[in-house]
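Q: Okay, sequence plus prediction incoming.
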Amino acid sequence: MGSGDLGAPRAVGLDDRVIHDAAKVIAYFNHITRSADALGVEPESFIPPWGKPDQAHASP
């Protein structure tokens, strides 16, 4: 991310604090995902895949 990438977020009203916070969250998520991939961590079986309803908690 460089200074040229800040125009669009600022154009929709985001200030530097919001952009900073978003960049930190995105960087942390990227770090954790890469670490888990490198360690061969498998998804928990009790967590449903994204976009699929959790059958254990579905309404009848």
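A: All right, it came through fine.
Q: Which neighbouring elements make contact with the host helix or strand of residue 23?
A: Element membership for residue 23 (DSSP states H and E) is helix 16-39. Applying 3 or more CB pairs under 8 Å, 6 or more residues apart in numbering; DSSP states H and E, one finds that helix 16-39 contacts helix 7-11. The C-beta positions use only the backbone N, C-alpha and C, and glycine is treated the same way.
Q: re earlier: avg pLDDT for the helix holding residue 23?
A: Across helix 16-39, the average pLDDT comes to 95.
Q: What is the distance between that helix and the centre of its chain?
A: Remark: helix 16-39 is offset 7 Å from the chain centroid, using CA atoms, centre = their mean, to the nearest Å.
Q: Equivalent analysis for stretch 43-54, please.
A: Using CA atoms, centre = their mean, we find the averaged C-alpha position of stretch 43-54 to lie 16 Å away from the chain's own average C-alpha position.
Q: ok so, going back, show residues contacting the helix holding residue 23.
A: When contacts are defined by CB atoms under 8 Å, 6 or more residues apart in numbering, helix 16-39 is touched by residues 1, 6, 9, 10, 14.
Q: Report pLDDT for residue 51.
A: You'll see residue 51 listed with a pLDDT of 75.
Q: Could you report the neighbour count for it?
A: 5 (other CB atoms under 10 Å).
Q: where's it, which helix or strand?
A: No secondary structure element spans residue 51, as it lies outside all helices and strands (assigned by DSSP H and E).
Q: before we move on, what about residue 14?
A: Counting by DSSP H and E, residue 14 is part of no helix or strand.
Q: how many neighbours does it have?
A: Residue 14 sits with 15 neighbouring residues when counted by other CB under 10 Å.
Q: Spatially nearest residue to it, not counting backbone neighbours?
A: residue 22 (7.9 Å; CB to CB, 6 or more residues apart in numbering).
Q: what does residue 10 give?
A: Spatial nearest neighbour of residue 10, chain neighbours left out: residue 19 (7.7 Å); criterion: CB to CB, 6+ apart.
Q: State the distance from the one you found to residue 31.
A: Distance, residue 19 to residue 31, using CB to CB, to the nearest Å: 19 Å.
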